[in-house]
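J.: sequence-free structure coming up:
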């Protein structure tokens, strides 16, 4: 039961980033389309995801590592789009 709960949490964790990623992808080329996104927030989320990957694999906690293999590139993509938008960081 614990393993199932871990995977359920992993799915929900990935799902929380998908709406923002879709919105950022759709608005990335619009002037000011990503203005409300924080560089710091997405930098921290990217580093955090990478840390969870390392932790999960180091401890054989697949329900932690695998979802973060999806989350981290999503966060990095949002961060890259935000940085490419040309607006100074916040």
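T.: Good, I have the coordinates. Everything numeric here is computed off the predicted structure, so don't read it as measured data.

J.: what's the residue nearest the centre of the chain sitting at in phi/psi?
T.: Against the mean C-alpha coordinate of the chain, by CA atoms, centre = their mean, the closest residue is residue 75 at 2.8 Å. Phi and psi for residue 75, reported as degrees, to the nearest 10, are phi -60, psi -40.

J.: tell me the helices in the protein, going along the chain?
T.: 2-27, 39-58, 62-84 (DSSP state H).

J.: okay, the angle between the longest one and helix 39-58?
T.: What that stands for is helix 2-27. Computed by axes from the mean of the first three to the mean of the last three CA atoms, to 10 degrees, the angle separating helix 2-27 from helix 39-58 equals 150 degrees.

J.: Pull out the buried positions in helix 2-27.
T.: Within helix 2-27, the residues that count as buried by 16 or more other CB atoms under 10 Å are 10, 13, 14, 17, 21, 24, 27. Every C-beta, even on glycine, is put in place using the N, C-alpha and C of the backbone.

J.: ok, the closest residue to the second one other than its chain neighbours - contacts?
T.: In space, and not counting its chain neighbours, residue 13 is closest to residue 67: 5.3 Å by CB to CB, 6 or more residues apart in numbering. Contacts for residue 67 were tallied using CB atoms under 8 Å, 6 or more residues apart in numbering; they are 10, 11, 13, 14.

J.: Could you do residue 20 as well?
T.: Applying CB under 8 Å, 6+ apart to residue 20 gives the contacts 37, 78.

J.: Then residue 18?
T.: By CB under 8 Å, 6+ apart, the residues touching residue 18 are residue 74.

J.: How much space separates residue 5 from residue 19?
T.: Going from residue 5 to residue 19 by CB to CB, to the nearest Å gives 23 Å.

J.: any idea how far residue 46 is from residue 28?
T.: 17 Å.

J.: okay, those two: which has more neighbours?
T.: residue 46 (20 against 16; other CB atoms under 10 Å).

J.: ok, and the helix or strand in the protein with the lowest average confidence?
T.: The weakest-scoring helix or strand in the chain, judged by mean pLDDT, DSSP states H and E, is helix 2-27 (a mean of 88).
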